[in-house]
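>>> this is a predicted model, with the sequence first.
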Amino acid sequence: MAVNTALRQTITWRDNRGFTGRTTFLVGDDNTTMTFPHAAAADAQVIISDMEAISEADFAGATGPFPQVPAAVTYGANADYASIEDKVVFVFQAAAGDLHKVSVPSPLDSIFEADKVTVDKTNALVKQLIADILHQTFGGTAPTTGTTHGLYNRSILPFVLFVSGARKRVKQRRRINSFTRTPDLSGPDE
């Protein structure tokens, strides 16, 4: 089955203070089959589940081949990297040699090595996410059964190699106001 379409999937996350962040990626599919876009939706759903497993932030919705609106507004966990400002950035190489970044906000502390910056490639959750993104066995971990494609670039070329992963802190786009919550969610922040 040849991939000839790459569909944009966007995920919105909410941290423990109510701030939101986004993750965007392209998932490939063959639009000549009768399963389009359902196969792309299933692949996107698997990758979203893998990302949820490594994040303290709460899933707040998605658009793309797997559109999803949560039933209620929920907040992420209050932990070491609970803010949307903290991200883990995975770098992948596509078949043409170009590099692509996939970021997940509010990463779990356990997915990093002792330096708390470098991603631990031996962590089971990290290996599963990378295996599903590449759609090939990574570190002895096979991609999730039932998936058909991993992630692609705009030229519809698959990601073929995991290059690196590291923690990154980015500046928040929003200002603190009277509706911003304290880290323990007990009231407005100051």
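All right, it came through fine.

>>> show me which residues of stretch 93-111 are buried.
Buried residues in stretch 93-111, counting neighbours by 16 or more other CB atoms under 10 Å, are found at 93-94, 100, 102-108, 111. All C-beta spots, glycine's among them, are computed from the backbone N, C-alpha and C.

>>> same question for stretch 119-136.
119, 123, 125-136.

>>> what does it rub up against?
Contacts of stretch 119-136 with the rest of the structure, by CB atoms under 8 Å, 6 or more residues apart in numbering, involve 46-47, 50-51, 53-54, 88, 90, 92, 102, 108, 110-113, 137-144, 147-151, 158-162, 164-167.

>>> JSON lines for the buried residues of stretch 119-136, including distance to residue 28, secondary structure and pLDDT?
Supplementary listing: the buried residues of stretch 119-136 in JSON lines, determined by distance: CB to CB, whole Å; DSSP: H, G, I helix; E, B strand; the rest coil; pLDDT from 0 to 100:
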{"residue": "119", "distance to residue 28": "24", "secondary structure": "strand", "pLDDT": "96"}
{"residue": "123", "distance to residue 28": "26", "secondary structure": "coil", "pLDDT": "95"}
{"residue": "125", "distance to residue 28": "23", "secondary structure": "helix", "pLDDT": "95"}
{"residue": "126", "distance to residue 28": "22", "secondary structure": "helix", "pLDDT": "96"}
{"residue": "127", "distance to residue 28": "21", "secondary structure": "helix", "pLDDT": "95"}
{"residue": "128", "distance to residue 28": "19", "secondary structure": "helix", "pLDDT": "95"}
{"residue": "129", "distance to residue 28": "17", "secondary structure": "helix", "pLDDT": "95"}
{"residue": "130", "distance to residue 28": "17", "secondary structure": "helix", "pLDDT": "95"}
{"residue": "131", "distance to residue 28": "16", "secondary structure": "helix", "pLDDT": "94"}
{"residue": "132", "distance to residue 28": "13", "secondary structure": "helix", "pLDDT": "93"}
{"residue": "133", "distance to residue 28": "11", "secondary structure": "helix", "pLDDT": "93"}
{"residue": "134", "distance to residue 28": "12", "secondary structure": "helix", "pLDDT": "93"}
{"residue": "135", "distance to residue 28": "9", "secondary structure": "coil", "pLDDT": "90"}
{"residue": "136", "distance to residue 28": "14", "secondary structure": "coil", "pLDDT": "90"}
